[in-house]
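S.K.: build me a model from this:
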Amino acid sequence: MTTEPNSSPGSPYLTHLNGRPATAGELAPLAFAGHAHFTAIQVRDGRIRGLDLHLDRLRSASDELYGRALPDDRIRELLRAALAGGPADLSLTATVYSREGEFTPADPGAELDVLVSTSPPANGPGGPLSLATVPYERPLPGIKHVGEIAKTYYPRRVARLGFDDAAFLDGKGRFSEASIWNLVFWDGTSVVWPVAEILRGTMLGTVRRQLDRLGVPQTDREVTPADLPSLAGAAVMNSWTPAVPVHRIDTTPVPAAPDFTALLRRAHEAEPPVAP
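M.R.: Numbers count the residues shown, from 1 in each chain. Next up, the predicted model:
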């Protein structure tokens with residue numbers, strides 16, 4: 001029995017630990033570990049859109065969780081090692097963690113580990129989606145941390161009611177995020193970003209800065225279910241895709257807005273892909 005969980009050269013499935021193939025023995029302790037953070041990336045033609053935002057995310061989350069961070073050049077080196085010899089198009093997840101026990105004081109000098117895994121490329125659902133609102137606020141919303149049961153629990157619960165996914169309302173009744181998505185709305189002339197405590201996705205970041213460069217009006221404001229009838233469109237986005245249209249939230253229909261989703265996709269495509 002092999003102890004290497006990696007596939008043959010050229011396979012989209014690969015798992016690296018600190019730049020080399022990980023063994024089953026190294027991965028076993030991580031099966032139920034929860035003190036880690038990550039970023040999810042779509043690689044196309046060996047390149048990444050918004051690489052700087054992924055690096056910023058890993059650096060700031062490491063500083064928050066561990067009080068230290070790996071240099072960007074080290075992260076890029078590990079990404080290159082995982083991509084070498086694989087397909088040009090991939091999904092990639094880079095997870096940063098410390099081997100220090102979750103329930104014991106951490107050694108401030110302990111090295112951080114990076115687990116990089118790859119799988120076939122993803123593009124997300126085509127939509128349009130129906131969303132059911134649920135009251136929920138993510139702990140440490142600014143960090144993309146692992147072990148969030150809500151992102152599976154709530155979509156499965158609302159699926160039993162006939163919805164495609166869940167949209168979260170914070171304690172003030174404002175839209176914040178969807179299960180694994182950022183929310184974005186359209187008022188007919190401007191892109192509307194809901195104001196709440198959220199994880200700012202890297203797709204959100206790239207789309208926002210490219211919309212700025214395209215001269216598209218954008219506004220940040222609180223959005224509640226009561227505001228839905230006045231809006232002209234809605235979508236969700238994450239690392240898979242810049243725009244999946246939403247056609248209903250709870251019982252409120254959301255107008256189809258193909259020009260809006262096309263605009264979000266055009267902004268994404270305007271973001272230059274770079275090699276890690």
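S.K.: contacts, neighbours, all on C-alpha from now
M.R.: Noted.
S.K.: surely residue 192 is within a helix?
M.R.: No: with DSSP: H, G, I helix; E, B strand; the rest coil as the criterion, residue 192 is assigned strand and is not in a helix.
S.K.: who's in contact with residue 71?
M.R.: residue 59 (C-alpha atoms under 8 Å, 6 or more residues apart in numbering).
S.K.: could you tell me the end-to-end distance of stretch 39-56?
M.R.: 10 Å (C-alpha to C-alpha, to the nearest Å).
S.K.: please identify the buried residues of that stretch?
M.R.: 39-44, 46-51, 53-55 (16 or more other C-alpha atoms under 10 Å).
S.K.: what lies in contact with that stretch?
M.R.: By C-alpha under 8 Å, 6+ apart, stretch 39-56 touches 57-58, 72, 75, 83, 87-95, 121-122, 144, 202-203, 205-206, 239-240, 271-276.
S.K.: out of the buried residues of stretch 39-56, which sit inside strands?
M.R.: Secondary structure from DSSP state E places 39-44, 47-49 of the buried residues of stretch 39-56 in strands.
S.K.: including distance to residue 133, could these go into TSV?
M.R.: Shown next, in TSV, are these (distance: C-alpha to C-alpha, whole Å):
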residue	distance to residue 133
39	26
40	25
41	27
42	28
43	32
44	34
47	36
48	33
49	31
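S.K.: can you lay out those residues as TSV showing pLDDT and distance to residue 116?
M.R.: Output for these, formatted as TSV (pLDDT from 0 to 100; distance: C-alpha to C-alpha, whole Å):
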residue	pLDDT	distance to residue 116
39	98	10
40	98	10
41	98	11
42	98	13
43	98	13
44	98	17
47	98	16
48	98	15
49	98	18
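S.K.: which one of the residues you listed is nearest to residue 198?
M.R.: residue 39 (15.2 Å; C-alpha to C-alpha).
S.K.: which of the contacts of stretch 39-56 count as buried?
M.R.: For the contacts of stretch 39-56, buried by 16+ other C-alpha under 10 Å: 57-58, 75, 83, 87, 89-95, 121-122, 144, 202-203, 206, 239-240, 271, 273, 276.
S.K.: mind checking which helix or strand of the chain has the lowest mean pLDDT?
M.R.: Using mean pLDDT, DSSP states H and E, helix 24-27 stands out as the lowest-scoring helix or strand of the chain, at a mean of 94.
S.K.: so how far is it off the chain centroid?
M.R.: Distance, stretch centre to chain centre, for helix 24-27: 26 Å (C-alpha atoms, centre = their mean, to the nearest Å).
S.K.: now swap in stretch 255-267 and tell me
M.R.: 20 Å.
S.K.: so which residues of the stretch 1-150 of the chain form helices?
M.R.: All helices of the stretch 1-150 of the chain, identified by DSSP state H, counting those that start in this stretch, fall at 24-27, 51-66, 72-83, 150-159.
S.K.: of all those helices, which one is nearest residue 15?
M.R.: Among the helices of the stretch 1-150 of the chain, helix 72-83 sits nearest to residue 15 (C-alpha to C-alpha), with 7.6 Å.
S.K.: against which helices or strands is that closest one packed?
M.R.: Applying 3 or more C-alpha pairs under 8 Å, 6 or more residues apart in numbering; DSSP states H and E, we find helix 72-83 packed against strand 14-17, helix 51-66, strand 112-119.
S.K.: quick one, the second one and strand 112-119 angle?
M.R.: Interaxial angle of helix 51-66 relative to strand 112-119 (axes from the mean of the first three to the mean of the last three C-alpha atoms, to 10 degrees): 140 degrees.
S.K.: contacts only, for the closest residue to residue 248 other than its chain neighbours.
M.R.: The shortest distance from residue 248 to any non-neighbouring residue, by C-alpha to C-alpha, 6 or more residues apart in numbering, is to residue 130 (4.7 Å). The contact partners of residue 130, by C-alpha under 8 Å, 6+ apart, come to 163-165, 246-250.
S.K.: just the pLDDT for residue 130.
M.R.: Residue 130 is assigned a pLDDT of 98 by the prediction.
S.K.: quick one: low-confidence parts of the stretch 1-150 of the chain?
M.R.: 1-9, 101 (pLDDT under 70).
S.K.: just the strands in the stretch 151-276 of the chain please.
M.R.: Ranges of strands in the stretch 151-276 of the chain, per DSSP state E, counting those that start in this stretch, are 165-169, 175-178, 182-186, 191-194, 218-221, 233-238, 241-249, 252-253, 273-274.
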